[in-house]
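K.L.:
With the sequence up front, the predicted model follows.
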Amino acid sequence: GDLLLRNYTDNPTLIYARSQTASKESFSVVLPAHRKDSRPIWLSVMNTIVLNGDGEADKTIEILTDITQQKESDSQNETLNLALSKSSVGIVVRDNTNKVIWFNDAFEVITGYSLTEFKGKHLGDILIGPDTSMDDYRIAKEAFANQTTYEIENLFYTKAGDKVWLYLSNTPLFNEIGQM
């Protein structure tokens, strides 16, 4: 273990794992380590103590899993989430039924609505008002139904009832089997 963890011997998680091992206690931890070629990696370590018939520790089963790719993906997702949430441009995420599931702080500032007020609703259910162009709104609805991109500019209404021109650019996202 020390060969893999040579640069991390003072890591609190490693210290915990070593104390659990010394106490013959099972544990599960995630640790930074290095491959033989010195490349850094992340390991999931699951250590299980097997007891004999007298209830004493008899064997130890340790499973090491390289989770480097997952950790890198998690890091990229954190960066992306931060960028989306802190963008000065209003960003809305809708599900495949066109209902809002998330939006960033900028959209809340623009419209005056909180995510709680909007979640599970269609944009038009809340933002459409007397001067909204229903022709443009229908274009957007049809494009969404056809799972195609669209861009419209339309007059909508904030929570306070103020008119606001919004430029909407929609790009549907598809999973690996082509479902939106």
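P.N.:
All right, it came through fine.
K.L.:
what helix or strand does the spatially most central residue of the chain sit in?
P.N.:
For the chain, Asn77 is the residue whose C-alpha lies nearest the centre (CA atoms, centre = their mean; 5.6 Å). Using DSSP states H and E, Asn77 falls within helix 68-86.
K.L.:
Now do that helix: distance to the chain's middle.
P.N.:
Distance of helix 68-86 from the chain centroid (CA atoms, centre = their mean, to the nearest Å) equals 7 Å.
K.L.:
Which elements pack onto that helix?
P.N.:
Contacts defined by 3 or more CB pairs under 8 Å, 6 or more residues apart in numbering; DSSP states H and E place helix 68-86 against strand 40-51. C-betas here are computed from N, CA, C, even on glycine.
K.L.:
go with 10 Å
P.N.:
In terms of contacts (3 or more CB pairs under 10 Å, 6 or more residues apart in numbering; DSSP states H and E), helix 68-86 is packed against strand 27-34, strand 40-51, strand 100-103, helix 105-111.
K.L.:
quick one: buried residues of stretch 85-97?
P.N.:
Gly90, Val92, Arg94 (16 or more other CB atoms under 10 Å).
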